[in-house]
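Visitor: Show me how the following folds:
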Amino acid sequence: MNTRTLRHLRAGAAALALCGLLSACASPDREKPGAARAEVVARLGAPYSATALESGGERLLYSTLPAGRQVFHLDFDAAGRLERVEQVLTFARFSGIALNQWSRADVERTFGPPTLIERVARFDGDVWTYRFMDDYEPRLAHIHIDRAGTVRQLVFTDDQPPDDDRDF
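Guide: Here you go, the predicted model:
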């Protein structure tokens with residue numbers, strides 16, 4: 001076998017090994033109830049945030065934003081065992097935001113960091129934008145938070161890809 005062929009074989013083997021590693025990557029939605037908190041964190045890495053639950057347990061938040069469309073809550077009991085995993089970037093969860101009652105902290109605790117924070121001319125505050133899937137449709141949730149930190153408005157729009165030049 002010549003050197004060139006051997007190099008190609010090695011490159012191919014390395015590519016296959018990389019594919020195998022990538023397909024075995026840890027993901028919050030693959031975690032099973034009963035798993036120990038320490039084992040989950042070892043597989044997934046440090047969470048975006050950890051919040052104490054009234055039950056004495058803890059919620060870890062893992063986010064795929066800004067590029068992804070999923071945020072996971074992993075709820076652990078007081079003994080540190082995983083009870084449930086929930087993907088929270090859904091139309092139903094966003095629709096549950098109580099306008100004029102939720103705070104900036106409530107939004108961040110529930111959904112994690114937004115994809116985008118921006119200002120618009122007709123609102124005195126920040127607009128936090130989250131990417132999510134509504135069934136099979138890419139959508140955006142725009143949460144308007146005033147300067148005092150209170151959620152005042154929620155708007156949904158379609159997430160049209162930049163290269164999509166269809167007329168609407």
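Visitor: Can I get the helix or strand that contains residue 50 as PDB, trimmed to CA atoms?
Guide: Using DSSP states H and E, residue 50 falls within strand 49-52. Below are the C-alpha coordinates for strand 49-52, written out as PDB (Å, rounded to 0.1, in the frame of the first residue of the first chain):
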ATOM      1  CA  SER A  49     -28.800  27.900  35.800                       C
ATOM      2  CA  ALA A  50     -29.900  25.900  38.800                       C
ATOM      3  CA  THR A  51     -33.100  26.800  40.800                       C
ATOM      4  CA  ALA A  52     -34.300  25.500  44.100                       C
END
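Visitor: Can you list the strands that it pairs with?
Guide: Paired neighbours of strand 49-52 in the sheet (DSSP bridges): strand 58-63 (antiparallel).
Visitor: can you give me the mean pLDDT across the partner strand?
Guide: Strand 58-63 carries an average pLDDT of 98.
Visitor: Which other helices and strands does the helix or strand following that strand contact?
Guide: Note on strand 58-63: by DSSP H and E, the next helix or strand toward the C-terminus is strand 71-76. Where contact means 3 or more CB pairs under 8 Å, 6 or more residues apart in numbering; DSSP states H and E, strand 71-76 is packed against strand 58-63, strand 82-87. For every residue, glycine as well, the C-beta is placed using N, CA and C.
Visitor: Strand 71-76 and the last one, what's the angle between them?
Guide: Spelled out, that is strand 82-87. Per axes from the mean of the first three to the mean of the last three CA atoms, to 10 degrees, the angle that strand 82-87 makes with strand 71-76 is 170 degrees.
Visitor: Pull up the pairing partners for strand 82-87, direction included.
Guide: Next to strand 82-87 in the sheet, as set by DSSP bridges, lie strand 71-76 (antiparallel).
Visitor: Okay, and the beta partners of residue 140?
Guide: On the basis of DSSP bridges, residue 140 is bridged to residue 131, residue 157.
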